[in-house]
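K.L.:
Mind folding the following:
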Amino acid sequence: MTFWTDPDFFLEKWFIHLLAGIGIPAGIAQAIGYALGAVILTTGALLFVLFLIWLERKLIGRVQDRFGPNRLGPWGIFQSIADMLKIFTKEYITPTGADKVPFNLAPILTVAAVLMVWAVIPLAVTVYGVDLNVGLLYVIAVGSLGEMGIILAGWGSNNKFALLGAFRAAAQLISYEVPLVLSLVIPVMLTGSLSMTRIVQNQSIWYVMYAPLAAFIFFITSIAEVGRAPFDLTEAESELVAGFNTEYSGLKFGMFYVADFLHSFTISMLVSIIFLGGWRGPGAETSPLLGFIYLTLKTSLVNFLIIIERASLPRFRIDQMMDFTWKVLTPVTLILLVITALLEKIFAMVGLYSWLRSGILFVLNIVLLFAADSVVRSHLARRPRPDVRGKERPVARPENFFSQPGSGA
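P.N.:
Numbering: from 1, shown residues only. Model prediction:
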């Protein structure tokens, strides 16, 4: 076993052998190795946020016909470092009357919820933290800690605007978890396992070919879970000052900021792992480095789409956002789940070839997508609202599902 074929196993054995040489038992050495690996992974992820912030600023600047950071260092690459140093040196302020325990615990929970997801992410064929047989369930469970952090931030701040932002977060994040979890049942059903590594290994054909609509729903609901545009009602600056984090300053505010960018990249990685084959690709079975490159390219593509969406789409109203999840995403996901389960049972009985099976499911998903879009445009378009004199004021229907009233779309 060499470093290039199994770096995780090689480094573990090397570290245990190193500590055994100074008299430390193998069990304790292994525990120290796990702790050290967790520290390295979390530190690397947090430092990687500096690059993500710079990249997003540059991309959004180009989309909006601006330069973005371009003064501090070549192409502005040191701007994020300057911002980090500024946040570290700013004063910590705790509002009068704030509940200090939830107020100070909230930013820690928000960051920890994202970092804990990385423990089960397979970065390559032999590189992962732990292979849990309920890995996907673990991802959903620890992701809820981020929602708890947002609610604690609003409740502990002793500020009505922050509390209102937290209430909106409770409505938005919990509501969008329903179609998110339902969409994940489909790849679990195709794999027969909740293990993240098994999900990747079983994708000789990417699951996006079996269930493109499920992948699209998971992508959309994940963005809503992060609270990014156009679903950023949890911190709508125009009406809530800053939302749940209004009273935070210094490093505490920076932790919310870090969690936002890191969570965005993490959901991009989850989309790549669950629906785009993860590290799979030519030669990835024997080369962990090549598999890591494949995963990085797929994740970067998904993250690019999230950034472009943030730069391009206007914000939803709160009623539109709730209508979208309860009247569109949840029913469509339930229908897709039932039909996919029935077809998978029929395919198993007749022994249908995998490519033909994926083709049938792909066509079914596309048909259901267009049917859902037709229903939305026919029945859920914006209705006329009465004016102050009680007369109905006609409002033009949007041209398509994603058009926003007043956006010019």
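
K.L.:
Now do the same contact list for the residue nearest to Glu91 when sequence neighbours are not counted.
P.N.:
Spatial nearest neighbour of Glu91, chain neighbours left out: Gly250 (6.0 Å); criterion: C-beta to C-beta, 6 or more residues apart in numbering. Every C-beta, even on glycine, is put in place using the N, C-alpha and C of the backbone. Contact partners of Gly250, counting by C-beta atoms under 8 Å, 6 or more residues apart in numbering, are 87-88, 90-93.

K.L.:
For these, pick the one with the most neighbours.
P.N.:
Ile87 (17 neighbours; other C-beta atoms under 10 Å).

K.L.:
is it true that it touches Phe256?
P.N.:
No: with contact defined as C-beta atoms under 8 Å, Ile87 does not reach Phe256; the gap is 10.9 Å.

K.L.:
how close does the residue nearest to Glu91 get to Ala106?
P.N.:
In this view, Gly250 and Ala106 are 14 Å apart by C-beta to C-beta, to the nearest Å.

K.L.:
Next: Phe304.
P.N.:
Going from Phe304 to Ala106 by C-beta to C-beta gives 30 Å.

K.L.:
which of those two has more neighbours?
P.N.:
More neighbours surround Ala106 than the other of Phe304 and Ala106, with 27 against 14 (other C-beta under 10 Å).

K.L.:
In contact with Gln79, which residues are there?
P.N.:
Going by C-beta under 8 Å, 6+ apart, Gln79 touches 54, 57, 69, 71-73.

K.L.:
Just put these in TSV and tack on pLDDT, distance to Val363 and neighbour count.
P.N.:
Formatted as TSV, those follow (pLDDT from 0 to 100; distance: C-beta to C-beta, whole Å; neighbours: other C-beta atoms under 10 Å):
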residue	pLDDT	distance to Val363	neighbour count
Trp54	91	42	21
Arg57	90	41	20
Pro69	88	45	19
Arg71	86	52	10
Leu72	85	51	14
Gly73	84	50	14
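
K.L.:
how about the helices of the stretch 51-200 of the chain, start to end?
P.N.:
Taking DSSP state H, counting those that start in this stretch to define them, one finds helices in the stretch 51-200 of the chain at 79-89, 100-117, 135-156, 160-191, 196-201.

K.L.:
To clarify, my last question referred to the stretch 301-409 of the chain.
P.N.:
Assigned by DSSP H, counting those that start in this stretch, the stretch 301-409 of the chain shows helices spanning 318-323, 330-350, 354-379.

K.L.:
mind saving the C-alpha coords of the first one as CSV?
P.N.:
Pointing back at helix 318-323 there. What follows is helix 318-323, C-alpha atoms only, in CSV (Å, rounded to 0.1, in the frame of the first residue of the first chain):
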residue,chain,number,x,y,z
ILE,A,318,-42.2,35.6,1.7
ASP,A,319,-45.6,34.5,0.5
GLN,A,320,-44.2,33.5,-2.9
MET,A,321,-41.5,31.5,-1.2
MET,A,322,-43.9,29.6,1.0
ASP,A,323,-46.3,28.9,-1.9
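
K.L.:
picking up where we left off before, Serialize the contacts of Gln79 to TSV and add fields for distance to Val375.
P.N.:
Formatted as TSV, the contacts of Gln79 follow (distance: C-beta to C-beta, whole Å):
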residue	distance to Val375
Trp54	42
Arg57	39
Pro69	44
Arg71	50
Leu72	50
Gly73	51
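
K.L.:
Let me know the closest of these to Trp326.
P.N.:
Arg57 (34.5 Å; C-beta to C-beta).

K.L.:
Let me know the secondary structure of Ile217.
P.N.:
helix (DSSP: H, G, I helix; E, B strand; the rest coil).

K.L.:
Might one say that it is in contact with Pro331?
P.N.:
No: under the criterion of C-beta under 8 Å, Ile217 is not in contact with Pro331, lying 11.3 Å apart.

K.L.:
Between those two, which is the more surrounded one?
P.N.:
Taking neighbours as other C-beta under 10 Å, Ile217 and Pro331 compare with Ile217 leading, 26 against 13.

K.L.:
Let me see the contact set for the residue nearest to that one when sequence neighbours are not counted.
P.N.:
Of all residues not flanking Ile217 in the chain, Ser183 sits nearest, at 4.5 Å (C-beta to C-beta, 6+ apart). Listed by C-beta under 8 Å, 6+ apart, the contact set of Ser183 reads 214-215, 217-218, 221, 333.

K.L.:
Relative to Ala259, how far out is the residue lying closest to Leu109 once chain neighbours are set aside?
P.N.:
Nearest residue to Leu109, sequence neighbours excluded (C-beta to C-beta, 6+ apart): Gly149, at 3.6 Å. Gly149 is 8 Å from Ala259, where distance means C-beta to C-beta.
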